[in-house]
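Visitor: Let's see this in three dimensions:
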Amino acid sequence: MKVLFVVPECYPYAKTGGLADVMSTLPEILSKKGINTAVVMPNYGDIPYYFKKKMERRADFKVNVGWRKKNCTVYLIEHKNIKFFFISNEHYFEREGLYGHGDDIERFTFFNNAVLEMMLQLDEIPDIIHCHEWQTALISIYLKNKYNENAKFKDVKTVFSVHNLMYQGIFPSHVLEDVLGLDGSFFTPEELEYFGNINLLKGALKYSDFIITTSPSLAEKLKTPEYGGPLCHFFQEKEDRLLGIVNGVDHQLFNPQRDPHISFHYDREVSAVEEKRKNKLYFQRLFSLPEKKEIPMMVIISNLKANKGFKLVLNSIPELMKFDLQLVVLGVGDEEFEQGFKAAAWENPLKISTHITFNEDLARKLYASGDFFLQPSREEPCGTGPLIAMRYLTVPIIRQTGGLSEYITSFTNDPERGTGFVFEKYEKDDFLKTVGSALSCYKRQQEWEKIIKNIINNNYCWNQSAAEYIDIYNKLQKNRASAD
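Guide: Coordinates of the predicted model:
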């Protein structure tokens, strides 16, 4: 079986969040289980030169973007028996930043059209096309409407993964014909129309053969107006073709025993906690924080967006500073939070260190240095950050929302199995109370060793998740055979 993953980002080539980590691992895991996997993504200007020089040119052709005809070049890197294709256009992708440009609708319409044309040009027709996020939503729309008479695509099935419903690809209605090349029949409530605009995610939900989201509970919640919003009816209609899968973590990539990014390696054992703290001392020295291993360090490694709960953190800074702790922030995002955390660090230089950047090397150092990983999300579909943190024996402090609550158990409520500290209400008092409980646990050696032991005993590997993906692909294949 051949599966092509169509993605807007994939580590180590380009990364803004957890999706890139998932796509760095899932194709490889499936490949080891006998699935012929490949990945295609844009050839961003941000991709390091180290990888650019390894790319082999494979095809050149023209791509339609509405009435425009744009040049496309396809490059290839083969790694661990997986083909990684890169869709290139200097105008659309040779610029800084992956997303957030004024012409994103043009850029990703080009990308989607180019992916489908690439399959024909290279005769790389998969059995399953697995798309991720709104940037790839047009694949299933085009397959069912523009390429539906092409015999080569007749048996191809599509899977669409919704990682974050906050980002739906909503654009003004005029782009429907001008950019997407679709006629006015698609501007209806049953199609892409969405409160006077067009919604690409809505189209993907309608035309994909199967929908995946990031946890079983979220899959159920998306069928309700509270979580699914106006799209809840589409999730309801796909009920028998909707599944939530909690993704795993790459145990080889995120391994404190051999991670090349961290200064002091350590085993995932309770007795290794002291060795782990050497990383904290090194980080404190590196960024001019007081060098005291007994001070608990909380780390934030995240996109600095409103849904991540950082307004709650910034509003709580005066109270947090009364605790004996250090807070280190790493990420980029909304200016409100970037400037807020910069100001907090300026006002509290001995307790807060803020780094407005995304740097994988620094992120790994922080995972290894921190005692607590802070993710107080207002909304969170799943989030791989806490899972990665636990690989480094860093204890999560989270809000009970989305998929987070499916794999992090409250230590306060269940000391025998608890792997983190969890608060329920998106309120300052509840948040600060939970932080206080976490810090109290840190000071009590027996309790701290217990929560670390609980984390060690939890195995968030990919085997179960991979089996669920394969089961979906197999069912789609059987459905195709039945239809034939």
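Visitor: Where does F5 sit: helix, strand or coil?
Guide: Three-state assignment for F5 (DSSP: H, G, I helix; E, B strand; the rest coil): strand.
Visitor: Show me what it is bridged to.
Guide: Beta-bridge partners of F5, counted by DSSP bridges, are V39, H130.
Visitor: ok, it - contacts?
Guide: M23, L26, P27, T37, A38, V39, V40, H130, C131, H132 (C-beta atoms under 8 Å, 6 or more residues apart in numbering). No exception for glycine: its C-beta is placed from N, CA and C like everyone else's.
Visitor: The first one and P189: what is the separation?
Guide: Per C-beta to C-beta, to the nearest Å, M23 is found 33 Å from P189.
Visitor: pretty sure D60 belongs to a strand, no?
Guide: Yes - with three-state DSSP as the criterion, D60 is assigned to a strand.
Visitor: roughly how far apart are it and P42?
Guide: The gap separating D60 from P42 is 16 Å, by C-beta to C-beta.
Visitor: Settle it for me: which of these two has more neighbours?
Guide: P42 (26 against 11; other C-beta atoms under 10 Å).
Visitor: quick one: contacts for the closest residue to the more buried one other than its chain neighbours?
Guide: Using C-beta to C-beta, 6 or more residues apart in numbering and skipping the chain neighbours, the partner closest in space to P42 is F93 (5.0 Å). By C-beta under 8 Å, 6+ apart, the contact list for F93 reads P42, N43, Y44, G45, I87, R107.
Visitor: Can you tell me how far F93 is from D60?
Guide: 15 Å.
Visitor: if we can go back for a sec, among the contacts of F93, which are in strands?
Guide: Mapping those onto strands (DSSP state E) picks out P42, I87.
Visitor: quick check, nearest of the contacts of F93 to A219?
Guide: P42 (28.4 Å; C-beta to C-beta).
Visitor: and that closest one, what does it touch?
Guide: P8, A14, F86, I87, S88, Y92, F93, L98, R107, F111.
Visitor: Near A306, how many other residues are there?
Guide: A306 - counted by other C-beta under 10 Å - has 14 other residues nearby.
Visitor: Please tell me I have it right and it contacts R378.
Guide: Yes - using C-beta atoms under 8 Å, A306 is in contact with R378, at 6.9 Å.
Visitor: Now do the helices in the stretch 251-400 of the chain.
Guide: For the stretch 251-400 of the chain, the helices defined by DSSP state H, counting those that start in this stretch occupy 273-286, 310-315, 317-320, 335-347, 360-369, 385-391.
Visitor: Longest strand of the chain, counting residues only.
Guide: Max-length strand for the chain by DSSP E is strand 68-79.
Visitor: what packs against that one?
Guide: strand 56-65, strand 82-88, helix 104-122 (3 or more C-beta pairs under 8 Å, 6 or more residues apart in numbering; DSSP states H and E).
Visitor: could those go into a markdown table alongside mean pLDDT?
Guide: What follows is these, written out as a markdown table (pLDDT from 0 to 100):
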| stretch | mean pLDDT |
| --- | --- |
| strand 56-65 | 97 |
| strand 82-88 | 98 |
| helix 104-122 | 98 |
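Visitor: Could you export those as a markdown table, including distance to L243?
Guide: Listed next are the helices and strands packed on strand 68-79 as a markdown table, based on distance: least, C-beta to C-beta, whole Å:
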| stretch | distance to L243 |
| --- | --- |
| strand 56-65 | 33 |
| strand 82-88 | 24 |
| helix 104-122 | 24 |
